[in-house]
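*Asks:* structural data only, the sequence is not supplied:
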């Protein structure tokens, strides 16, 4: 027992650990000094953004921040999702189809036919009204993808054609960048709001300039990517 | 009243998270993870962030758990 204790003590990298602790303490001290000398602008960054929100004529402040003030980040997020979808497609790359052997339940088959149009409608609503009410492109896209998932589970033969997904995704990605480039040409900022966005129109469906357009594009892209992920996981098998 | 609901949801969330960690089967812990997502939807809504609540409801409680389950099916029951 005693021997074992000694050997554990020897294996512990005490020098490295104490070095880590010391450097962490030093960094904390420096950060503390830096933060105390900062002006108090940090606390009001969110309030400043909220004040700027009214200039874009969009009722939902979160949408303005996500799509307009941080529009470039949203482009990056969509690319991350695209890479994830691509990775899943690559990992399950064999073409052996369909490891669902049993027929699905009769109730599931009937209910999915009734529910799918409702889910599609709700997803589209969440997507289009993203600049007026909570929701938006990401949520609407994933709702549509969950409708596709319901169809995939209930019907063995159902499959979204690969060409449709490719067309939708390419259209969405290209038009997002194109809108950004038009903003760059017209207003000298990437993703500049070049369409009319009057404050008097705030709360209407056609308001906010390019912001609802971009959210619809994001919805199309997210929906097609998530559908592809789900379809790859259900339909393909990586063994054999 | 709202404070009481928030507090009880917090405590419930912690209990469900622990239960999700200590499960033997991975499928059970994925289903409990769905419960964690559901609790955080309630919390986000009570903290006046309906956008985040909607995202959490759709992504975490809905599609991400199903993706986990399908990935588990692909990996097989490994001990």
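*Replies:* Everything's here; your move. This is a predicted model, so every value here is computed, not measured.
*Asks:* and chain B, which residues reach chain A?
*Replies:* Residues of chain B lying near chain A by CB under 8 Å from any CB of the partner chain: B:50-51, B:53-55, B:58-59, B:62-63, B:66-67, B:70-71, B:74. C-beta here means a position set from N, CA and C on the backbone, and glycine is covered the same way.
*Asks:* lowest pLDDT pick from those residues?
*Replies:* Among the residues of chain B next to chain A, residue B:62 carries the weakest pLDDT, at 74.
*Asks:* how far away is that one from residue B:56?
*Replies:* 10 Å (CB to CB, to the nearest Å).
*Asks:* swap in residue B:26?
*Replies:* 22 Å.
*Asks:* re earlier: can you say which of the residues of chain B next to chain A are buried?
*Replies:* B:51, B:53-55, B:58-59, B:62-63, B:66-67, B:70, B:74 (16 or more other CB atoms under 10 Å in any protein chain shown).
*Asks:* for residue B:34, give me its contacts.
*Replies:* B:60-61, B:65 (CB atoms under 8 Å, 6 or more residues apart in numbering or on different chains).
*Asks:* lowest-confidence one in these?
*Replies:* Among the contacts of residue B:34, residue B:61 has the weakest pLDDT, 73.
*Asks:* distance of that residue relative to residue A:129?
*Replies:* 22 Å.
*Asks:* please apply the same query to residue A:198.
*Replies:* 19 Å.
*Asks:* neighbour count winner among these two?
*Replies:* Neighbours per residue, other CB atoms under 10 Å in any protein chain shown: of residue A:198 and residue A:129, the larger number sits with residue A:129, 19 against 11.
*Asks:* I'd assumed residue A:137 was in contact with the more buried one.
*Replies:* No - between residue A:129 and residue A:137 there is no contact under CB atoms under 8 Å: 11.1 Å.
*Asks:* ok so, going back, and the furthest pair within the buried ones among the residues of chain B next to chain A?
*Replies:* B:51 and B:74 (32.6 Å; CB to CB).
*Asks:* for chain A, which residues are neighbours of chain B?
*Replies:* A:60, A:62-63, A:92, A:126, A:134-136, A:138-139, A:142-143, A:145-146, A:149, A:226, A:229-230, A:233-234, A:237-238.
*Asks:* quick one, which of those are buried?
*Replies:* Counted by 16+ other CB under 10 Å, the residues of chain A next to chain B give A:60, A:62-63, A:92, A:126, A:134-136, A:138-139, A:142-143, A:145-146, A:149, A:226, A:229-230, A:233-234 as buried.
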